[in-house]
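Enquirer: pasting the structure only:
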């Protein structure tokens, strides 16, 4: 699977200590001359990025998360003074004083929305794959957008696993978490297909 195993493994250590939400990334700048399908993919990726940060499902961008984890592993730094991921999410969702039943109710709705956004990315990516006017360079930017979606979605999955444990008395999020995980897998398949298309285009150009 397209980098998803590495991303998930790296993010597994980030579930207890993550910073305040960072600003979302823009994918749209400079895309005015692209085919409509690629513009739409990048718009969808930016929309997902914004919503995941706004809702507290992602508490820092993927690159910062990996760099911080690497520093902790290499230098033994302790990040216990950082807000817990649950605290960031509960504050963003207005759940600081909610009971377990309410937490599970809100988290299940959030998971459904996250899954919808990720599946929209899959649909947009499939449209790009059917587009005749793509180039290796523009596909590279599309793949980078999909990689970020995978990374942010993996962080969200880790968060909702924590919520499921923390509010276990209020219900179970297993099915909703599984639906999001499956959607993320589809993004990985789409990214693999784009990478294959890019290789084919490069080979054709040099052949």
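Expert: Looks like it came in fine. The model shown is predicted, which means the values in this text are computed figures rather than measured ones. Residues are numbered from 1 along each chain as shown.

Enquirer: all contacts plus neighbour counts: C-alpha atoms, from now on.
Expert: Fine.

Enquirer: next up, the contacts around the closest residue to residue 115 other than its chain neighbours.
Expert: Of all residues not flanking residue 115 in the chain, residue 180 sits nearest, at 4.8 Å (Cα to Cα, 6 or more residues apart in numbering). Residue 180 makes contacts with 111, 112, 114, 115, 118, 157, as judged by Cα atoms under 8 Å, 6 or more residues apart in numbering.

Enquirer: residue contacts, the fifth one?
Expert: Counting by Cα under 8 Å, 6+ apart, residue 118 touches 48, 149, 153, 180, 183, 184, 187.

Enquirer: isn't the third one up against residue 182?
Expert: Okay, so that is residue 153. No. Using Cα atoms under 8 Å, residue 153 is not in contact with residue 182, being 10.9 Å away.

Enquirer: picking up where we left off before, which of the contacts of residue 118 fall within helices?
Expert: Here DSSP state H is the test, and the contacts of residue 118 give 48, 149, 153, 180, 183, 184, 187 as lying in helices.

Enquirer: for the second one, give me its contacts.
Expert: With contacts defined as Cα under 8 Å, 6+ apart, residue 149 is in contact with 45, 48, 49, 118, 187.

Enquirer: now list the buried members of the contacts of residue 180.
Expert: Applying a neighbour-count criterion of 16 or more other Cα atoms under 10 Å, the buried members of the contacts of residue 180 are 111, 112, 114, 115, 118, 157.

Enquirer: measure residue 125 to residue 93 for me?
Expert: 30 Å (Cα to Cα, to the nearest Å).

Enquirer: what about those two, which has more around it?
Expert: When residue 125 and residue 93 are compared for neighbours, residue 125 comes out ahead with 27 against 17, by other Cα atoms under 10 Å.

Enquirer: how about that one, secondary structure?
Expert: In three-state terms, and counting by DSSP: H, G, I helix; E, B strand; the rest coil, residue 125 is helix.

Enquirer: contacting residues around it?
Expert: Per Cα under 8 Å, 6+ apart, neighbours of residue 125: 38, 41, 190, 191.

Enquirer: so of these, which ones are in helices?
Expert: Judged by DSSP H, helices contain the following of the contacts of residue 125: 38, 41, 190, 191.

Enquirer: could you dump the residues you listed into TSV and include pLDDT, neighbour count and distance to residue 145?
Expert: Below are those laid out as TSV (pLDDT from 0 to 100; neighbours: other Cα atoms under 10 Å; distance: Cα to Cα, whole Å):
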residue	pLDDT	neighbour count	distance to residue 145
38	97	26	11
41	97	25	8
190	98	23	12
191	98	28	9
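
Enquirer: TSV for those residues, including distance to residue 139?
Expert: Converted to TSV, the ones in helices among the contacts of residue 125 look like this (distance: Cα to Cα, whole Å):
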residue	distance to residue 139
38	9
41	11
190	12
191	10
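
Enquirer: looking at the ones in helices among the contacts of residue 118, which has the most residues close by?
Expert: Ranked by neighbours (other Cα under 10 Å), these are led by residue 187, which has 29 neighbours.

Enquirer: correct me, but that residue touches residue 146?
Expert: Yes. If you go by Cα under 8 Å, residue 187 and residue 146 touch, sitting 6.8 Å apart.

Enquirer: what residues are shared contacts of the two?
Expert: By Cα under 8 Å, 6+ apart, the residues touching both residue 187 and residue 146 are residue 121.
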